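Peer 1: this one's structure only:
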């Protein structure tokens, strides 16, 4: 269960307003929409795991209800219906999809299930929608290495501020000798981690 919890998260995407202020903004692949509160429920799929959400999210509306309560945007009477709709949307599809599973919620909210697969290089025509490694690594690269200084945040700082676990990952992306974002295999090699 601990492994599953480590690879699941919830987050929000930012609108184009952030990009206008000198930031990177939301990843292009996530298609953030102005005026929408975009809630992302994501899972990381690696080591050849199937591109589908874990069983608990696909078949347990109570598990999704817990996530929706944690988000803090929904009334209790809205949660059960949203959880069921989202559970249905996250069920594996028999074929390829052109977009992540999405459910519209109240008050301008949008809930999306996003699969991330850093070891895969691209989506094939028969696969469900997911974010492959190049999109993930490219986005991190743009965040850490903007083409121009940002007026509202520094990009030069003590890497130790990221903490012991993230410091080497940040160092990888900020390495002045690196000319491109690389891949998961490159990052693992840099970190001295054997890919099991």
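Peer 2: Cool, the structure landed. Because the structure is predicted, anything quoted here is derived from the model rather than measured. Numbering: from 1, shown residues only.
Peer 1: counting by contacts, list what the longest helix along the chain packs against.
Peer 2: Longest among the helix segments of the chain by residue count, using DSSP state H, is helix 76-90. Under the contact criterion of 3 or more Cβ pairs under 8 Å, 6 or more residues apart in numbering; DSSP states H and E, helix 76-90 touches helix 55-59, helix 61-71, strand 102-105, strand 109-117. Where C-beta positions appear, they are placed from N, C-alpha and C, glycine not excepted.
Peer 1: neighbouring contacts of the longest one?
Peer 2: Going back to what we said before, that points to helix 61-71. When contacts are taken as Cβ atoms under 8 Å, 6 or more residues apart in numbering, the neighbours of helix 61-71 outside the stretch itself are 10, 39, 41, 56-57, 74, 76, 79-80, 82-84, 86-87, 111.
Peer 1: may I ask which helix or strand of this structure has the lowest mean pLDDT?
Peer 2: The helix or strand of the chain with the lowest confidence, counting by mean pLDDT, DSSP states H and E, is helix 2-6 at a mean of 38.
Peer 1: residue contacts, the residue nearest to residue 46 when sequence neighbours are not counted?
Peer 2: Closest residue to residue 46 apart from its sequence neighbours, by Cβ to Cβ, 6 or more residues apart in numbering: residue 119 at 5.1 Å. Neighbour list for residue 119: 46, 47, 133, 184, 185 [criterion: Cβ under 8 Å, 6+ apart].
Peer 1: one more pass at 7 Å, please.
Peer 2: Residue 119 makes contact with 46, 133, 184, according to Cβ atoms under 7 Å, 6 or more residues apart in numbering.
Peer 1: and the buried ones among those, selectable in ChimeraX?
Peer 2: When burial is assessed using 16 or more other Cβ atoms under 10 Å, the buried subset of the contacts of residue 119 is captured in ChimeraX by this command:
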select :133,184
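Peer 1: lowest pLDDT pick from the contacts of residue 119?
Peer 2: Ranked by pLDDT, those bottom out at residue 46, which has 85.
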